[in-house]
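1. Sequence and predicted model, in that order:
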There are 2 protein chains.
Amino acid sequence: MLDDRKAAILRAVVECHIRTAQPVSSSYVAQLPGLSVSPATVRNEMAVLEQEGFLFQPHSSAGRVPTDKGYRYFVDSLSGPAPLGPEQAELVRMFFNRTHGELERTLAETSSLLSHLTDYAAVVVAPSAPEPGRVRSVQLVALSPRLALAVAVLANGAVERRAVELPNDVAEAQVEMASSLTAAFLVGSSLDRPGQPAPSGDPAVDSLMAAALGSLRLPEPGTGAQAPVYVGGAARMAAAFDAVSTIRTVLGILEQQFVLVSLLKDVLDRGLTVAIGTEHGLVQLAECSVVVAPYEVDGQQAGTVGVLGPTRMHYDQALAAVAVVSKKLSKALSDGEVRRQHSDRGQRSAV
Amino acid sequence: MLDDRKAAILRAVVECHIRTAQPVSSSYVAQLPGLSVSPATVRNEMAVLEQEGFLFQPHSSAGRVPTDKGYRYFVDSLSGPAPLGPEQAELVRMFFNRTHGELERTLAETSSLLSHLTDYAAVVVAPSAPEPGRVRSVQLVALSPRLALAVAVLANGAVERRAVELPNDVAEAQVEMASSLTAAFLVGSSLDRPGQPAPSGDPAVDSLMAAALGSLRLPEPGTGAQAPVYVGGAARMAAAFDAVSTIRTVLGILEQQFVLVSLLKDVLDRGLTVAIGTEHGLVQLAECSVVVAPYEVDGQQAGTVGVLGPTRMHYDQALAAVAVVSKKLSKALSDGEVRRQHSDRGQRSAV
DNA sequence: GTCTGGCAGTCAAGGTTACCGAGTGCCAGC
DNA sequence: GCTGGCACTCGGTAACCTTGACTGCCAGAC
């Protein structure tokens, strides 16, 4: 598409502009080692690059700035993510060495880590709608005369918990009976095992079992609809822009979890790793780029990590950080160093 | 401390500066209804107020701006929180009408609500270290040959879950035995019931029980140490400042949960509802004020809600919003419309 | 044909100057 | 003790110029 020299010039412009945030002049490019031509020649090439939409001139006596298309070409011709710096690699290593415990906490801290690594805002989308595991234990516990709790422990250590309303006239013994019959029906199979347990002979017990089964089959109300998102380093992102209004807009987006999730999903669904400027649909983020990667749990795509920064971000470093973090996170989650806390029908293997 | 006229002038200056963010001139104050004196008189009074530290003059030919001390006087002489506007009251009503479900979610959304109400950043600190409830059910579930899960259901519907490592040579039957003995020991009392269950005769079972009991008594690792914080409307806060560096600093603070929690705690502990400028210890937040209120669960102080805005915030409205939200939140949490999700030894009454 | 040096043109940025107006402080008089 | 008046102070804005960093283009060299 572009001959070698044009590509080299474009590349030089992008790299310089990422560093300095200033328009890049022909003389700067010409003076660069590796390209031994005069500024005038560079100017001619730049004029062509501008005509073809890779560069843009803020005003007639200014240097050139890359367009989104220019960044796209640059990113596509990147040889791959840069290796992480030594301190960064150390940071990642340390982080994942001491990563244990609760999933929510881990994800939140991962977003913070990723933000540290890149100096941009980082986003981590929690695993969504994982497939149910085998049931190891089911219990109905009466909490009050009117209310019971159905508690199921899954093979991966996740605990499902649902409230079940009791009819007025149910005796403790009936709850216990329903509990053991439901357990007999569910233990060893999956939570959404179809069908009903054999009738017990007591209609009250039967309806209680039906209620418990029904509520256990439904996803936790309020949580299933949307995967939670963890945003880290919003402040860092603010440092990348100087217009207050831009900061405000971007911050606003970062607070709208729903928008964020669909943004990342969108990008991934289109098979992209990097979305530059307006490539993702959000006009408000026209000055931003997004670098994303999915992470896996036990070999299955589970969630997304990503970095949100200015269009002139250090793509190679961001790519590297995102790649490493998603890989390490996949490993940590799959190895069971991190435990799902609740209500997730997690597909995770044993804790 | 201040005679009526000085107080009125100070009040006028504060109110005007809150509205306009500009230095306030003597002529503006003089022309205000209720104070019928000439600008010159106002100037004289202002000079005194400045000497006494209530006002400040950015430069010799500018109007006056309130100091922190000026704001403090203003806030202290406030007749009380302003009533909420009708749309705001409606917003609150609607919000708490449909508030059900998970605690975490509710708190996060509450912070968003409070931020909407005030147009500043809002902070909600989750209830901390609630006292344990009665145990309704305990179970040991073997997940793998090496690992079991101790699951306890408390009277309030909370579910405690702990991993227990199994010695190599434990049989399924032994786990079951330990499970029922542990249940017999714990059900009906509290999780931290002292002592040990009666020896079963099988040392493997006994040690298993000891392990299960021990882990159930410990708080969930990683969560207990610090109450989670929910921050809403950071973007709104950014709108209140125009220096990018200030925005960045304040955003940075908002991301440091630990700092936030101790900030709010500090303010409350000193018996304050409002902390202005440097009254709280954080130099980075010198341009900010904080309005806080505790909320209760079942009559016991549980957590904190607060608003973080510029020193020139609308104190009356913020006070009103914080008061209403903390009250309504207390009610919602105490009525059991909101359910703790997990691992909290919650003191909440039955679901 | 391609590259280069040179030259004229353009435009943003920065510095200077002048001016305006919003405010104050002070004082004399009511 | 209050007020009107007056001189003074400064920040902000606009107009202006200069500077310098670019570009575009062209004619000549390779």
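-> Done, it's in.

2. Quick one: residues contacting the closest residue to DNA strand D within the stretch 151-300 of chain A.
-> Nearest residue of the stretch 151-300 of chain A to DNA strand D (CB to the nearest atom of the strand) works out as residue A:244 at 16.9 Å. (C-beta placed from N, C-alpha, C; glycine too.) Counting by CB atoms under 8 Å, 6 or more residues apart in numbering or on different chains, residue A:244 makes contact with B:238, B:241-242, B:244, B:247.

3. Chain B contacts on the stretch 1-150 of chain A?
-> Residues of the stretch 1-150 of chain A lying close to chain B (CB under 8 Å from any CB of the partner chain) are A:100-102, A:105, A:112, A:136-137, A:139, A:141-144, A:147, A:149.

4. Among these, which one sits closest to residue A:32?
-> Closest approach between those and residue A:32, by CB to CB: residue A:112, at 37.1 Å.

5. Quick one: mean pLDDT for the helix or strand in which residue A:17 is found?
-> Element membership for residue A:17 (DSSP states H and E) is helix A:4-20. Mean pLDDT, helix A:4-20: 92.

6. Which SSE is immediately downstream of that helix?
-> helix A:26-31.

7. How about that following helix and DNA strand D, any contact?
-> Yes: Helix A:26-31 reaches DNA strand D (CB under 7 Å from any atom of the strand) through A:26-28.

8. Which among those count as buried?
-> A:26, A:28 (16 or more other CB atoms under 10 Å in any protein chain shown).

9. Give the bridge partners for the residue nearest the centre of chain A, please.
-> For chain A, the residue nearest the mean C-alpha position is residue A:304 (2.6 Å; CA atoms, centre = their mean). For residue A:304, the beta-bridge partners under DSSP bridges are residue A:125, residue A:294.

10. In contact with it: list those residues for me.
-> By CB under 8 Å, 6+ apart, the neighbours of residue A:304 are A:123-125, A:264-265, A:268, A:292-295.

11. Buried subset of the residues of the stretch 1-150 of chain A next to chain B, written for ChimeraX?
-> Applying 16+ other CB under 10 Å to the residues of the stretch 1-150 of chain A next to chain B leaves a buried subset, and the ChimeraX line that selects it is:
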select /A:101,102,105,112,136,137,139,141,142,143,147,149
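
12. In JSON lines: the residues of the stretch 1-150 of chain A next to chain B, plus pLDDT.
-> Shown next, in JSON lines, are the residues of the stretch 1-150 of chain A next to chain B (pLDDT from 0 to 100):
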{"residue": "A:100", "pLDDT": "67"}
{"residue": "A:101", "pLDDT": "63"}
{"residue": "A:102", "pLDDT": "70"}
{"residue": "A:105", "pLDDT": "81"}
{"residue": "A:112", "pLDDT": "94"}
{"residue": "A:136", "pLDDT": "86"}
{"residue": "A:137", "pLDDT": "87"}
{"residue": "A:139", "pLDDT": "88"}
{"residue": "A:141", "pLDDT": "85"}
{"residue": "A:142", "pLDDT": "84"}
{"residue": "A:143", "pLDDT": "75"}
{"residue": "A:144", "pLDDT": "73"}
{"residue": "A:147", "pLDDT": "75"}
{"residue": "A:149", "pLDDT": "81"}
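
13. No more questions from me, cheers.
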